[in-house]
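>>> structure for this input, please:
(2 chains)
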Amino acid sequence: GDSVTQTEGQVTVSESKSLIINCTYSTTSIAYPNLFWYVRYPGEGLQLLLKVITAGQKGSSRGFEATYNKETTSFHLQKASVQESDSAVYYCALAPNSGGSNAKLTFGKGTKLSVKS
Amino acid sequence: DMKVTQMPRYLIKRMGENVLLECGQDMSHETMYWYRQDPGLGLQLIYISYDVDSNSEGDIPKGYRVSRKKREHFSLILDSAKTNQTSVYFCASSLSSSNERLFFGHGTKLSVL
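So this is what the prediction gives:
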């Protein structure tokens, strides 16, 4: 089956410093999967942060970026300068790209980002 | 308003009791989902509903059943709850089964004692 592995547990970063949350994936599908980052801000439900469906492409949103690397099967999330408002739990996810029910997402365990001022 | 609403937010039940978790969405989305998340694990798909009375098992359906009689409502039922069903349950919806932009509720924290 499919699986997603991301930076474990909690990451603490000082405001204005850079961030990277690692994500690697594994799939048994012949086709390359679609990749996503979801985020859950305190008191809110998970929401889509960004998605990339083409290997080699980069997605970006709210200052965050992630590049789909099919060689290393990675989709790391990066931000050059974090803010306190970025404190949240971030989930890497994949969906099979085999037509039909693409929305059966497989999620990683989540990484809690705490930004300290 | 683009909202997924879950009720209740917190629930404590005894082993063997029946549990009903309710979910509603106001976006007329076709597809709805139930996930659970346990500490140290990712979200696991329990059931997916493609529309009214069109439900399909996810990865961990055992011990659960679902009901979708109206497009905007999707219920998760635990008949005779077990302690290992203590978890946080998330409901989500998407425009269709091929649209990966899921909208999630806040979650229901269920404790089965």
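>>> which residue, other than its chain neighbours, is closest to the residue of chain B found nearest chain A?
Here chain B gets closest to chain A at one residue, B:F104, 3.6 Å apart by CB to the nearest CB. For the C-beta atoms, the positions are set from N, CA and C on the backbone; glycine is no exception. Closest residue to B:F104 apart from its sequence neighbours, by CB to CB, 6 or more residues apart in numbering or on different chains: A:G45 at 3.6 Å.
>>> quick one: contacts for the one you found?
B:V4, B:F90, B:A92, B:F103, B:F104, B:G105, B:H106, B:G107 (CB atoms under 8 Å, 6 or more residues apart in numbering or on different chains).
>>> before we move on, the earlier item: is the residue of chain B closest to chain A bridged to anything, and to what?
Going by DSSP bridges, B:F104 is paired in beta bridges with B:A92.
>>> got the contact list for it?
With CB under 8 Å, 6+ apart, B:F104 has these contacts: A:R40, A:G45, A:L46, A:Q47, B:V4, B:F90, B:C91, B:A92.
>>> related to what we said a few turns ago, need the max-distance pair from the contacts of A:G45.
B:F103 and B:G107 (13.1 Å; CB to CB).
>>> list the contacts for A:I53?
Going by CB under 8 Å, 6+ apart, the list of residues near A:I53 reads A:N34, A:L35, A:N97.
>>> burial measure for B:D26, as a count.
13 (other CB atoms under 10 Å in any protein chain shown).
>>> phi, psi of it?
Dihedral pair for B:D26: phi -110, psi 20, per degrees, to the nearest 10.
>>> the one 3 residues further on now?
Recorded main-chain torsions at B:H29 are phi -70, psi 140, according to degrees, to the nearest 10.
>>> and for it, the neighbour number?
21.
>>> what residues are up against the nearest residue to it once chain neighbours are set aside?
Once flanking residues are discounted, B:H29 sits nearest to B:S93: 3.9 Å by CB to CB, 6+ apart. Residues in contact with B:S93, defined by CB under 8 Å, 6+ apart, are B:V4, B:Q25, B:M27, B:H29, B:T31, B:M32, B:Y33, B:F74, B:L102, B:F103.
>>> same check, this time on B:T83
B:M15, B:V112, B:L113.
>>> mark which of those residues are buried, thanks.
For the contacts of B:T83, a burial check counting by 16 or more other CB atoms under 10 Å in any protein chain shown picks out B:V112.
>>> for the contacts of B:T83, give me CSV that also has secondary structure, distance to chain A and pLDDT.
Formatted as CSV, those follow (DSSP: H, G, I helix; E, B strand; the rest coil; distance: CB to the nearest CB, whole Å; pLDDT from 0 to 100):
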residue, secondary structure, distance to chain A, pLDDT
B:M15, coil, 27, 96
B:V112, strand, 22, 97
B:L113, coil, 26, 96
